[in-house]
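S.K.: Give me coordinates for this.
(chains A and B)
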There are 2 protein chains.
Amino acid sequence: MTMKVIESVTGMTVFSRQAHLQHQRIGLVPTMGYLHEGHLSLIRLARKESDRVVVSIFVNPSQFAPGEDFEKYPRDFERDQSLCRQEGVDCIFHPPAAEMYSSVHRTYVITDQLSAKLCGLSRPTHFQGVTTIVAKLFNIIQPDTAVFGQKDAQQSLIIRRMVSDLNFPVKIMVAPIVRDTDGLALSSRNKYLSPAQRAAAPVLYQALQEAEHLIGVGETSSAKIREAMMTMIKAVPEASLDYLAIVDFQHLEPVREIASGTLIAVAVYFGATRLIDNIIIV
Amino acid sequence: MTMKVIESVTGMTVFSRQAHLQHQRIGLVPTMGYLHEGHLSLIRLARKESDRVVVSIFVNPSQFAPGEDFEKYPRDFERDQSLCRQEGVDCIFHPPAAEMYSSVHRTYVITDQLSAKLCGLSRPTHFQGVTTIVAKLFNIIQPDTAVFGQKDAQQSLIIRRMVSDLNFPVKIMVAPIVRDTDGLALSSRNKYLSPAQRAAAPVLYQALQEAEHLIGVGETSSAKIREAMMTMIKAVPEASLDYLAIVDFQHLEPVREIASGTLIAVAVYFGATRLIDNIIIV
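M.R.: Coordinates of the predicted model:
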């Protein structure tokens, strides 16, 4: 079966309805394109769970604030198509913006409290854009399973909350972070980095590894962990900290003592480029 | 087939999945119970459109503000069941509140601008509660069609907006207002009225009829129409106006000249009881 590229909501709806009529399970991987190995790992997980894999490629304007990188966000649809084809994707949903947001669009899905923390502090309208587009994709594509990446830990928590609160009949799976050989978490935004910034960027993961090491040898004070991580990040002149959060991975509230389920999440600017990374303590 | 009463989300999901596997179309009538002929007209419309009719009966706490009538809202589930049985309803979905809202519920569906006008002025969080519960019911019940009443004109507009904006695969139908012999629109809240208030309440429809009459003989000035309606309502000592809106039935913006598609909507307090009514100019 050849891979389909569908640009219209109606076309996508027909594809999904036919799949369901044939009792095929649909796995969705929502992306903004410019695919890398991280995305491909999500596609492979969706493949295992599903009879039909749909990858949506849509740079969603409503999750960017004015002045953010919506216009310059990297796009390469030809390359994305060939990667999807190699992975045996059944369908790419690639709508133009006007197909997704009419001029009279007024409806948003909001997740109180969770959306205002961590990345929400510097991007207050970001998660409202994410939950809204994901709700739309779920209604259009009707997936049985949807796969997200652990790199966007807060996003995955908010999506799970939304699915539970609004009773979407979708199983959410979250795949581990895929890293470059030097530890930098893969991200389409890594492309923005200058050579010097790229060389400095692994400090995010190094700081997280240091935290893991300290916890491994018995440290439980989040203040101590934070101090050690801050020292490492501050030592890198290219890096400018946005936030370093040590929180429970349910309400995103700061914890004093590290425990199972603690999320350590970090966001750092390299010039105008903001990168994020995280670990969850097991 | 006997009518089912389902109280759990899981049970409802199973019912809907089985119906769809048998290629049956599901028609949903979302209600807060205490059914009257208005609701029954919605059920009959759903019946025509569907193989399986589901009536949800749920007094939704999130659409009442503190101090509103959530606690005293009339309930009579025995009577509702027998009315549904008479109408050939296939299933009543009657969940307890804890089944619909967990203690960690954080997600809401909001419809900007439209929700702040008319009824939203005196009930600022009302429509957020409505859109949220309707989104949940759509996800749980997966109806092909859902039927709402024209009495709640703003609600029907907001639901249509939400369905379009979030791509819910649900056909929305809106049934005409059902009135008592003296013209009062049927409402579960009419039960709150004292005999004197009940006798005075038809003034809503009388004022709307006067507007219709004036428009019929060529009046197009909304100021003139408003003046005539206000005079009638002010003449009734039991009535205290909440709002009288003459607006386009798309953005709910005031219009100067009456045209096809103009909504004339009125909300009046009789003591603590707030009643609404409306007409749309054809």
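S.K.: how far does the helix or strand containing residue A:129 sit from the chain's center?
M.R.: Element membership for residue A:129, per DSSP states H and E: helix A:126-141. Distance of helix A:126-141 from the chain centroid (CA atoms, centre = their mean, to the nearest Å) equals 13 Å.
S.K.: what about dumping the CA coordinates of that helix to CSV?
M.R.: This file holds the C-alpha atoms of helix A:126-141, laid out as CSV (Å, rounded to 0.1, in the frame of the first residue of the first chain):
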residue,chain,number,x,y,z
HIS,A,126,1.6,27.7,24.3
PHE,A,127,-0.2,24.7,25.9
GLN,A,128,-3.6,26.1,25.1
GLY,A,129,-2.5,25.9,21.4
VAL,A,130,-1.2,22.4,21.9
THR,A,131,-4.3,21.0,23.6
THR,A,132,-6.6,22.7,21.1
ILE,A,133,-4.7,21.3,18.0
VAL,A,134,-4.5,17.8,19.6
ALA,A,135,-8.2,17.8,20.4
LYS,A,136,-8.8,18.8,16.7
LEU,A,137,-6.5,16.0,15.4
PHE,A,138,-8.2,13.5,17.7
ASN,A,139,-11.6,14.4,16.4
ILE,A,140,-10.5,14.4,12.8
ILE,A,141,-8.3,11.3,12.8
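S.K.: I'd like to know the average pLDDT value across that helix.
M.R.: Across helix A:126-141, pLDDT averages out at 98.
S.K.: packing partners for that helix?
M.R.: Judged by 3 or more CB pairs under 8 Å, 6 or more residues apart in numbering or on different chains; DSSP states H and E, helix A:126-141 is in contact with helix A:9-21, strand A:26-31, strand A:52-57, strand A:91-93, strand A:107-111, helix A:119-122, strand A:145-149, helix A:153-166. (Glycine included, C-beta is placed from N, CA and C.)
S.K.: Rebuild these as TSV, extending it with mean pLDDT.
M.R.: What follows is the helices and strands packed on helix A:126-141, written out as TSV (pLDDT from 0 to 100):
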stretch	mean pLDDT
helix A:9-21	97
strand A:26-31	98
strand A:52-57	98
strand A:91-93	98
strand A:107-111	98
helix A:119-122	94
strand A:145-149	98
helix A:153-166	98
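S.K.: Relative to residue A:249, which of those is closest?
M.R.: Residue A:249 lies closest, by CB to CB, to one member of the helices and strands packed on helix A:126-141: helix A:153-166, at 6.5 Å.
S.K.: elements contacting that closest one?
M.R.: Under the contact criterion of 3+ CB pairs under 8 Å, 6+ apart, helix A:153-166 touches strand A:107-111, helix A:126-141, strand A:145-149, strand A:171-175, strand A:262-270, strand B:107-111, helix B:126-141.
S.K.: between those, which one is nearest to residue B:179?
M.R.: Across the helices and strands packed on helix A:153-166, closest to residue B:179 is helix B:126-141 (CB to CB), at 22.9 Å.
S.K.: residues from chain A in reach of chain B?
M.R.: Applying CB under 8 Å from any CB of the partner chain, we find that chain A lies next to chain B at A:9, A:13, A:102, A:104-114, A:131-132, A:135-136, A:139-140, A:142, A:161-162, A:164-169, A:250-251.
S.K.: Any quick ChimeraX command for the buried ones out of these?
M.R.: This is how ChimeraX selects the buried members of these, with burial counted by 16 or more other CB atoms under 10 Å in any protein chain shown:
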select /A:9,13,105,106,107,108,109,110,111,114,131,132,135,136,139,140,142,161,162,165,166,167,168
